[in-house]
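# my questions are about this predicted structure, shown below with the sequence.
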There are 2 protein chains.
Amino acid sequence: MAQVTRMSKLMIKTLRDDPADAEVLSHKLLVRAGYVRRTAAGVWSWLPLGLKVLSNVERIVREEMDAVGAQEVLLPALLPKEPYEATGRWEEYGAELFRLKDRRGADYLLGPTHEEIFTQLVKDQCSSYKDLPVILYQIQTKYRDEARPRAGVLRGREFLMKDSYSFDTADEGLAESYALHRAAYQKIFERLGLDYRICAATAGAMGGSKSEEFLAPAAAGEDTFADCPNCDYAANTEAITYPLKPVDADGVPAVEELDTPDTPTIETLAAHLGVEASETLKNLLVKVDGEIVAIGVPGDREVDMDKVEAHFAPAAVELVTAEDFEGRDDLVRGYVGPQGLEKVTYLADPRIAPGTSWITGANKEGKHAKNVVAGRDFEVDGYVDVVVVQEGDPCPSCGTGLKLDRAIEIGHIFQLGRKYADAFQLDVLGQNGKPVRVTMGSYGIGVSRAVAALAEQSADDKGLCWAAEVAPADVHVVAAGKAAQIELALEVSELLKEKGLRVLVDDRAGVSPGVKFTDAELIGVPKILVAGRRTAEGIVELKDRRTGEREELLVAEAVARLAG
Amino acid sequence: MAQVTRMSKLMIKTLRDDPADAEVLSHKLLVRAGYVRRTAAGVWSWLPLGLKVLSNVERIVREEMDAVGAQEVLLPALLPKEPYEATGRWEEYGAELFRLKDRRGADYLLGPTHEEIFTQLVKDQCSSYKDLPVILYQIQTKYRDEARPRAGVLRGREFLMKDSYSFDTADEGLAESYALHRAAYQKIFERLGLDYRICAATAGAMGGSKSEEFLAPAAAGEDTFADCPNCDYAANTEAITYPLKPVDADGVPAVEELDTPDTPTIETLAAHLGVEASETLKNLLVKVDGEIVAIGVPGDREVDMDKVEAHFAPAAVELVTAEDFEGRDDLVRGYVGPQGLEKVTYLADPRIAPGTSWITGANKEGKHAKNVVAGRDFEVDGYVDVVVVQEGDPCPSCGTGLKLDRAIEIGHIFQLGRKYADAFQLDVLGQNGKPVRVTMGSYGIGVSRAVAALAEQSADDKGLCWAAEVAPADVHVVAAGKAAQIELALEVSELLKEKGLRVLVDDRAGVSPGVKFTDAELIGVPKILVAGRRTAEGIVELKDRRTGEREELLVAEAVARLAG
């Protein structure tokens, strides 16, 4: 919407120094340029310029969601406990959920995400297969009591999100709703000017099956993703899975016991035998809801306990302690091998494929065994991907060494399936007159987070630098200082407004040109137009914020150029 | 924004019957027409059509606030306790405030209004008189834990509000900011198509001095306002004040004691003496923070305890009990008169003006006194307007009998003065180089409530009936039923969209024409266009939802008429 915003009347205070508590670039710059202000830990206020950017992101998201036929609604943030109890999430969310009581003592929560409420809504509104498919979305404030709110609006405790939910009668319908979202998200992030990757992801607290994340590479990101330099494979390192490749074990000699005194660790064992750690098989013991489970991984790999916990969630996972070995003659601490673990569930990394041969514990104090072959000498009860992914690990798709990078999660799409529909018995009458259980998808974009991601990716050493569609203005007109310059700046601003442009004009009196130029670079509007020393001739300077290219032009030329 | 919304794809379920828990018209109709849905007590979801109306109201409010130079920001709803403790409102709000703790045990609240946070923001952002005046506003979700959430979105516990705050260095500046708001509010409510009155109001929990309410007359309203049929006086009955009109007491005989056994009430006294209750003076005793205070009002008037509490707030007010009379020979229960109350603060209604003469208690058991003259026989320590206002009471401005009506409070403007600036030491550097304490105003519009007020005022016996600028669509196109009619309806809808109109088209197959017509009346789009029995001739029926007037027109004529 065409408008002129005068800095002489705008509430804005730019800062030369980084705020003391700011660690990441977007946090520093958004505060310094007067876009946001901290109200409490992880709780932010959006100031005039910041809200313009946030609203632009919101508008783009809304347009693209509408374009795929999604219907906008607005649900409350204050939600009753009961639906979240029905799905178990009232407990599962743990300390991350803001819980409160009303004056009558009834329990409420501040919604971290709305699957339950949308499921109930559709159960109430839709009764026949003719009412589906339906995609509902909202752009709404969410609450999560993060343990370490940090990085400004990148990871707040109150934040703006676009969340949508699809409802279909059949799996093919869900796949279609998912594909519509995937395409809409691609358009949204392209319009926002974000560099992003679509990565395989885990479903996390949502439950469900297929899921992908939209990750924006940035040093400040909290996610790590693996990118294949050769093929189009990309995945959150949390979600990488390797295919199982069985090998031929013919010719591997029988198991041979080795005398390996004082080698309870992989390091001591490898040194003792003069072999690579990667030739050994280490077996991690954990307790899952109190029951011992063993997990085998190559000796040179670390186990990622977050992945182990995610695998068994919502069951609780603990490491075993010395006490757990008492009275168990099948478990010899430091010398466990899968070939003797008959009473324990044995899971393994896919590298422990059938036919592979290993050096591992012999289940006797001070003894190991070699030529222990998976599928011949022991059975694997299930394969799991729980090792820490490393730079250079092979691409699961083509085998090339993977690159690892930090990224910000800006979007997430899930095929939930029937988990929530089951919890609320969400059925509609099918074409054959019988009830059909509905299948759902859930899809999110971090709207306020996207502003931070944009700031991260586009900033340079001078400050912020927005893409045109999200910038708080199209043109930043700077009056160097004198009355005639201010007059010209205001005139040009009106001309630009008439051409439909959004203008920020620095018409402040008594502020030095140097401060104004520095502020303009910091604020990051893509085009800067200066009414400076050639004002009397009607000549202005037009500068590109990104490239720094500048050109002197007559006012009419400059206006035509910008309006073009 | 021009668009076609197809009901065949829209999530909407209209109801023929009123919801069981609905008492007021807007609640019934907004639920029946599929605009809103209850999520919890006083907590509502906005469905697609409802959100369109809400967004229209929001847009109008935004445009008019921008037009007076207000700057939009967005503050959080989750707020830290400390600033509200600094002003005492953490306690004063009582049970109406939603309070919660974060994972570290820190206290938070859900903002019922944001004076504290805006004051802190401006203290941080503005340092000089040159930075003022500034008006900031937000359209944001508010929380109040109402004791009796009722009437649908008219009085919710989570609701959308436009709140703004003005900051000036001088009283004249505040008066100007206040006037800007008053004018903007008039434009907003006119564009919304609301019938409203600007009424004198009390400041309530906000504190401060001058304040007016924008009240929309409606049977469902929770406020009562007095309207003068003769002059332009209007006031919330909570806020009516009468000027003091002293009279000449010359010629009133001296006080005379009367024997009035067994007349502890006004009724028994008036009957015993054969006088009107209005000739007597009754004296209500209350305890204010434990201290006894007497309030004198004419014997025929009731005291409004809410007004008494508001007068003394935040001090606590209680009625006296028998125990309070023990050991007090100056207080004779049932026979109190102001002429003997030397140890008690005596407040009075303005009708007890200096020179007026009364029959009142003689401070002796079974005795009253007549010719007791205010200012001669007793002193009034202060005048207060605490009686219940009645239909026909004189207009304080012109004396005509007042009309009383129910109304919905849709807006409120306050001159706060320096209460919040004092609490946070909000000063700016003045023109003379010395600090100046800032003076503030606070202004609110109930955005979600305005939707309910519009529904209340405009509905008729067929359903909702929106003004053009807020309606969920400009035209409701109804295809009577057959394939050719649906085809024509969709064609006309596209033509209307090309003309820039927002169209809701009922293209549902297998729904009877009767149901569609009833739904169209219920939904309340101002213009209804029917592709019915003359579809083959290219003739449609155009109907005005409000008047019911209908006309048959060729498609091109109908489109031209609607686009004009």
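Done, it's in.
# now do the helices in the stretch 51-200 of chain A.
All helices of the stretch 51-200 of chain A, identified by DSSP state H, counting those that start in this stretch, fall at A:81-86, A:89-92, A:115-125, A:171-192.
# those helices: which one's closest to residue A:156?
Closest to residue A:156 of those is helix A:171-192 (Cβ to Cβ; 18.8 Å). No exception for glycine: its C-beta is placed from N, CA and C like everyone else's.
# where does chain A dip in pLDDT?
Along chain A, the model assigns pLDDT under 70 to residues A:203-208.
# switch to 80 and redo it
Across chain A, the ranges flagged by pLDDT under 80 are A:150, A:202-209, A:313-314, A:329.
# domain-wise, how is it divided?
If the domains of chain A are taken from automatic domain parsing, they occupy A:3-8+A:473-563, A:54-240+A:404-454, A:256-383, with pieces of a single domain joined by a plus sign.
# which SS class is whatever residue of the stretch 451-564 of chain A ends up closest to chain B?
Chain B sits closest to residue A:510 of the stretch 451-564 of chain A, with a gap of 7.9 Å, by Cβ to the nearest Cβ. The local conformation at residue A:510, judged by DSSP: H, G, I helix; E, B strand; the rest coil, is coil.
# right, so the domains of chain A: which one is the most enclosed?
When the domains of chain A are scored by mean count of other Cβ atoms under 10 Å in any protein chain shown, the highest mean neighbour count falls to domain A:54-240+A:404-454 (a mean of 20).
# ends of that one, what's the gap?
Chord length of domain A:54-240+A:404-454, first to last residue, is 11 Å (Cα to Cα, to the nearest Å).
# how far does that domain sit from the chain's center?
Domain A:54-240+A:404-454 sits 11 Å away from the centroid of its parent chain (Cα atoms, centre = their mean, to the nearest Å).
# just stretch A:455-464 next, same as before
Put simply, stretch A:455-464 sits 20 Å off its chain's centre (Cα atoms, centre = their mean).
# next one: stretch A:352-364
Relative to the centre of its chain, stretch A:352-364 is centred 37 Å away, using Cα atoms, centre = their mean.
# wait, residue A:175 sits on residue A:439?
No - the pair residue A:175 and residue A:439 fails to qualify as a contact (Cβ atoms under 8 Å) at a distance of 9.7 Å.
# would you mind listing what in the stretch 151-300 of chain A touches chain B?
For the stretch 151-300 of chain A, the contact set with chain B under Cβ under 8 Å from any Cβ of the partner chain comprises A:157-158.
# strands of the stretch 151-300 of chain A, start to end?
Per DSSP state E, counting those that start in this stretch, the stretch 151-300 of chain A carries strands over the ranges A:158-168, A:197-200, A:211-217, A:223-227, A:234-236, A:256-259, A:281-288, A:291-298.
# and residue B:147, which of the ones you listed is closest to it?
Distances from residue B:147 to each of the strands of the stretch 151-300 of chain A were compared using Cβ to Cβ; the shortest belongs to strand A:158-168, at 26.5 Å.
# rebuild the strands of the stretch 151-300 of chain A as CSV, extending it with distance to residue B:392.
As requested, the strands of the stretch 151-300 of chain A are exported to CSV (distance: least, Cβ to Cβ, whole Å):
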stretch, distance to residue B:392
strand A:158-168, 51
strand A:197-200, 73
strand A:211-217, 68
strand A:223-227, 71
strand A:234-236, 74
strand A:256-259, 108
strand A:281-288, 79
strand A:291-298, 81
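# compare these and report which one is nearest to residue B:24.
The closest of the strands of the stretch 151-300 of chain A to residue B:24 is strand A:158-168. By Cβ to Cβ, the value is 31.1 Å.
# list the strands paired with the closest one, with their directions.
Paired neighbours of strand A:158-168 in the sheet (DSSP bridges): strand A:134-143 (antiparallel), strand A:439-446 (antiparallel).
# output those as TSV; include the columns distance to residue B:88.
Putting the strands paired with strand A:158-168 into TSV (distance: least, Cβ to Cβ, whole Å) gives the following:
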stretch	distance to residue B:88
strand A:134-143	27
strand A:439-446	37
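# longest strand of chain A?
Counting by DSSP state E, the longest strand found in chain A is strand A:403-417.
# which strands or helices does that one pack on?
Counting contacts by 3 or more Cβ pairs under 8 Å, 6 or more residues apart in numbering or on different chains; DSSP states H and E, strand A:403-417 is packed against helix A:171-192, strand A:211-217, strand A:223-227, strand A:439-446, helix A:447-458.
# what's the following helix or strand after that strand?
Next helix or strand after strand A:403-417 toward the C-terminus (DSSP states H and E): helix A:419-423.
# what sits up against that next one?
By Cβ atoms under 8 Å, 6 or more residues apart in numbering or on different chains, the list of residues contacting helix A:419-423 from outside reads A:86-87, A:115-116, A:119, A:207-208, A:426-427, A:437-440.
# go again with 7 Å.
A:86-87, A:115-116, A:119, A:207-208, A:437-440 (Cβ atoms under 7 Å, 6 or more residues apart in numbering or on different chains).
# what of stretch A:337-345?
With Cβ under 7 Å, 6+ apart as the test, stretch A:337-345 has contacts from A:255, A:283, A:292-294, A:296, A:330, A:346, A:360-363, A:369, A:372, A:377-378, A:381.
# just the CA atoms of that stretch, as CSV, please.
Taking C-alpha atoms only, stretch A:337-345 is exported to CSV below (Å, rounded to 0.1, in the frame of the first residue of the first chain):
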residue,chain,number,x,y,z
GLY,A,337,28.6,-59.0,22.6
PRO,A,338,25.3,-59.6,20.7
GLN,A,339,26.0,-63.3,20.2
GLY,A,340,25.2,-63.9,23.9
LEU,A,341,22.2,-61.6,24.4
GLU,A,342,19.3,-63.9,24.3
LYS,A,343,17.2,-62.2,27.0
VAL,A,344,17.7,-58.7,25.7
THR,A,345,16.2,-56.9,22.7
